[in-house]
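# how would this look folded up:
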Amino acid sequence: MDLERFKVHGEPLIYGAMISIVLATIGIIVGLTYFKKWGYLWREWLTTVDHKKIGVMYILAALLMLFRGGIDAMMMRLQTAAPEMKFLDAQHYNEVFTTHGLIMILFMAMPFIIGLMNVIIPLQIGARDVAFPRLNAVSFWLFFFGAMLLNISFVIGGSPDAGWSAYFPLASLEFSPTVGNNYYSLALQISGIGTLITGVNFIVTILKMRAPGMKLMKMPMFTWSVLITNVIIVFAFPVLTVALALMMFDRIFGSQFFTMANGGMDMLWANLFWVWGHPEVYIVVLPAFGIYSEIVATFSKKNLYGYTSMVFSMIIISLLSFLVWAHHFYTMGQGVMVNSFFSITTMAIAVPTGVKIFNWLFTLRKGRISFTTPMLYTLAFIPIFTIGGVTGVMLAMASADYQYHNTMFLVAHFHYVLIPGAVFAVIAGFHYWFPKVFGFRLNERLGKHAFWWIIISFNVTFFPLFFLGLMGMTRRMYTYSEETGFGPLNMLSFAGAVGLAIGFVILVYNIYWSTRYMPRDTTGDPWDGRTLEWATNSPIPAYNFAVVPKVQTRDAFWSQKVDNIQLYEEKITKIHMPSNTGKPFILGAIFFVFGFSLVFSLWIPAILSGIGILIVMAAMSFDRDHGFYIPAEEVIATEKKLRGETV
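This next block holds a predicted model:
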């Protein structure tokens, strides 16, 4: 083992991060001990298999990662706004922009979406849980400990520094001799296994656990988007798993899959990464389309326009998403024929996406629109995402991409796609479904303040980058001379980043303020929603539905209210529930130790933790949990308490 690689960075910034982590950890331990919450934390959260609590934990982790990724973004914007300050040196700038991309896409956007998926999908299809509750807990803890493994790299050993796409040979041991890219391969591997399990779990849940009468073409649009997303996950993530395994073998065991000698091929990594990486874009964007579809219909007080075309456009997008990966490296010498093919498929994928934009616009037409906070994010998404789409078509032209590639124009484009296409959506969905989980709304006034700060600041931050790219500023540039003329636009972009930070602080403050002061409302439908989740109480009881509904129409809950179509025909009986278990948490913790040991080639703890993983997995496979029953009398009492009426 090379002990030199185990050293902690000696930078004031790193020491500050270490001190803050230690103080935060001590504060949490002291608080839990003082308020005697260790038992509660273990029983109710760390061992839970309840899809709603798992969803909440995903969202809390995503908000934490949003803070971490936002700090990275602020440091980059500050460095490029005033490079003469030398706030970051070249190495730390490389580490910061690498972790920013990884955290925002894989450890913020995805868990936020999976969190909403966990909370809402069983409710929308009339199920009491997901198909495999314990596997659902395993998925979360693998994601969480994978995220923690990546984050600890900032203070122990050094973060990945080869970009979020980690191209070889830059990511090889020769050019990145620190352990940063070991963290990359193992942290993404652990969390990626969790995501793959999620994909299988939700496909089975949606296909096999829908309420009686809910045919595929009667499913809510968010459910459709999640089904298609999880199909993409199941096909795309194994490619990443293989690529990361080969990367680990190259870096830790000295194999040469991605070298430029001895039969290796560095472009093999680029192809494997983007075969996963471009479908990954749609893994985060397609559920956002489903969220926007639910919100537009609710706050326009209309049925969603073109339901069938929306479904088929998402299916077409999912198919084409696997046929566009090479547009990420037009300039790497694959030839005119290959570039032409991927240019055509890339422009073709804009067509079904455009269909969805028109469907939302036609839904808005002649609707009685309520300008709530979720609706404002949805309305802002349409023009901003369209700008991202139009610039994407520009980048899709292979010949023009020789000018745009690796410039700030590209950075502006993917932020104009991913932030409105994912971040705005999860914030909108967070506001929309918040009362369903917690029994009260977030404050609308504070929500709209945060909205305007975020929307305006987003454009101030990223629109100047289009011009910087056309002026010749390359991405990943940490310094430049005054003669380039890049300074004023970079300073404007930094000012926008400050505004974005203020908007997100207001969003977090809104959660705190609303938790303390907003009146509790246990009615089932605070937004006058249309789909089945609003037929449950707010907050949702552990069993979701006292009686499993029977669906006859597409917007089942709306039909019950407007057309008096009965959802419930049976009487309340005892309800079977799965038992909590601590094994998923323990498995995730051992995976963390296993990954950390491999990062530094600590072979004895790696072997022991590997054996521990096998033991816990074997124990889970033999664990015959028969669950428990909630008696009918207890269900009736809970319903009375939540509804305040006779059941």
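
# tell me where this structure has strands.
With DSSP state E as the criterion, the chain has strands at 575-577, 628-630.

# any idea which of these is most buried?
Comparing the strands of the chain by mean neighbour count (mean count of other CB atoms under 10 Å), strand 575-577 comes out on top with a mean of 17. No exception for glycine: its C-beta is placed from N, CA and C like everyone else's.

# who does it touch, helix- and strand-wise?
When contacts are defined as 3 or more CB pairs under 8 Å, 6 or more residues apart in numbering; DSSP states H and E, strand 575-577 packs onto strand 628-630.

# neighbouring strands of the strand it packs on in the sheet, and parallel or not?
strand 575-577 (antiparallel) (DSSP bridges).

# next one: the partner strand to chain centre, how far?
Distance, stretch centre to chain centre, for strand 575-577: 30 Å (CA atoms, centre = their mean, to the nearest Å).

# try stretch 129-144
Here the centre of stretch 129-144 is set off from its chain's centre by 16 Å, with CA atoms, centre = their mean.

# again with stretch 621-630
Here the centre of mass of C-alpha atoms in stretch 621-630, compared against the chain's by CA atoms, centre = their mean, lies 31 Å away.

# same check, this time on stretch 120-127
Chain-centre distance of stretch 120-127: 20 Å, with CA atoms, centre = their mean.

# that older thread, dump the strands of the chain to JSON lines, plus mean pLDDT and distance to Arg128.
Formatted as JSON lines, the strands of the chain follow (pLDDT from 0 to 100; distance: least, CB to CB, whole Å):
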{"stretch": "strand 575-577", "mean pLDDT": "90", "distance to Arg128": "7"}
{"stretch": "strand 628-630", "mean pLDDT": "90", "distance to Arg128": "10"}
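
# can I get the ones you listed in JSON lines with distance to Asp72?
Formatted as JSON lines, the strands of the chain follow (distance: least, CB to CB, whole Å):
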{"stretch": "strand 575-577", "distance to Asp72": "41"}
{"stretch": "strand 628-630", "distance to Asp72": "45"}
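
# among those, which is nearest His415?
Among those, the nearest to His415 by CB to CB is strand 575-577 (43.1 Å).

# who's in contact with Ser609?
Contacts for Ser609 (CB atoms under 8 Å, 6 or more residues apart in numbering) come out as 590-591, 593-594, 597.

# make it 6 Å
If you count contacts by CB atoms under 6 Å, 6 or more residues apart in numbering, Ser609 has them with 590, 593-594.

# pLDDT at it, what is it?
On pLDDT, Ser609 comes in at 97.

# excluding chain neighbours, what is closest to it?
Phe594 (3.9 Å; CB to CB, 6 or more residues apart in numbering).

# next one: the one you found from Gly263, what distance?
30 Å (CB to CB, to the nearest Å).

# neighbour count for these two, which is higher?
Phe594 (23 against 7; other CB atoms under 10 Å).

# so how far is Thr515 from the closest residue to Asp50 other than its chain neighbours?
Spatial nearest neighbour of Asp50, chain neighbours left out: Ala542 (6.4 Å); criterion: CB to CB, 6+ apart. Noted for Ala542: a distance of 21 Å to Thr515, by CB to CB.

# please report how far the residue nearest in space to the middle of the chain lies from Ile611.
By CA atoms, centre = their mean, the mean C-alpha position of the chain lies nearest to Met110, the distance being 1.5 Å. To Ile611, Met110 is 30 Å away according to CB to CB.

# how about Val234?
Val234 is 29 Å from Ile611, by CB to CB.

# so between those two, which is more surrounded?
Val234 (16 against 12).

# count the residues that sit near the residue nearest to that one when sequence neighbours are not counted.
Nearest residue to Val234 in three dimensions, chain neighbours excluded: Gly199, at 4.5 Å (CB to CB, 6+ apart). Burial of Gly199 is recorded as 21 neighbouring residues (other CB under 10 Å).

# ok, Thr531 - contacts?
Residues near Thr531 by CB under 6 Å, 6+ apart: 124, 220, 557.

# so which of these are in helices?
Judged by DSSP state H, the contacts of Thr531 include 124, 557 as members of helices.

# can you redo the contacts of Thr531 as JSON lines with distance to Thr391 and neighbour count?
Listed next are the contacts of Thr531 as JSON lines, based on distance: CB to CB, whole Å; neighbours: other CB atoms under 10 Å:
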{"residue": "Gln124", "distance to Thr391": "34", "neighbour count": "26"}
{"residue": "Pro220", "distance to Thr391": "31", "neighbour count": "29"}
{"residue": "Phe557", "distance to Thr391": "39", "neighbour count": "25"}
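
# columns distance to Leu66 and pLDDT on top of the contacts of Thr531, output as a markdown table?
Converted to a markdown table, the contacts of Thr531 look like this (distance: CB to CB, whole Å; pLDDT from 0 to 100):
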| residue | distance to Leu66 | pLDDT |
| --- | --- | --- |
| Gln124 | 25 | 95 |
| Pro220 | 26 | 95 |
| Phe557 | 31 | 88 |
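
# can you lay out the contacts of Thr531 as CSV showing distance to Phe486?
Shown next, in CSV, are the contacts of Thr531 (distance: CB to CB, whole Å):
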residue, distance to Phe486
Gln124, 48
Pro220, 47
Phe557, 53
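
# specify which member of the contacts of Thr531 is nearest to Tyr183.
The shortest approach to Tyr183 among the contacts of Thr531 belongs to Gln124, at 37.1 Å (CB to CB).

# and the gap between the closest residue to Tyr402 other than its chain neighbours and Thr259?
Closest residue to Tyr402 apart from its sequence neighbours, by CB to CB, 6+ apart: Thr331 at 5.8 Å. With distances taken as CB to CB, Thr331 is found 22 Å from Thr259.

# more crowded one of these two?
Thr259 (17 against 13).

# so how far is Phe249 from that one?
Separation of Thr259 from Phe249 (CB to CB) stands at 12 Å.

# please apply the same query to Ser176.
Ser176 sits 16 Å away from Phe249, going by CB to CB.

# these two - which one has more neighbours?
Neighbours were tallied for Ser176 and for Phe249 using other CB under 10 Å; the higher tally belongs to Ser176 (22 against 15).

# how close does the spatially closest residue to the more buried one that is not a sequence neighbour get to Ile456?
Excluding the flanking residues, the one nearest Ser176 by CB to CB, 6+ apart is Ala162, at 5.4 Å. According to CB to CB, Ala162 stands 34 Å off from Ile456.

# more neighbours, those two?
Taking neighbours as other CB under 10 Å, Ala162 and Ile456 compare with Ala162 leading, 20 against 15.

# tell me the pLDDT of the more buried one.
91.
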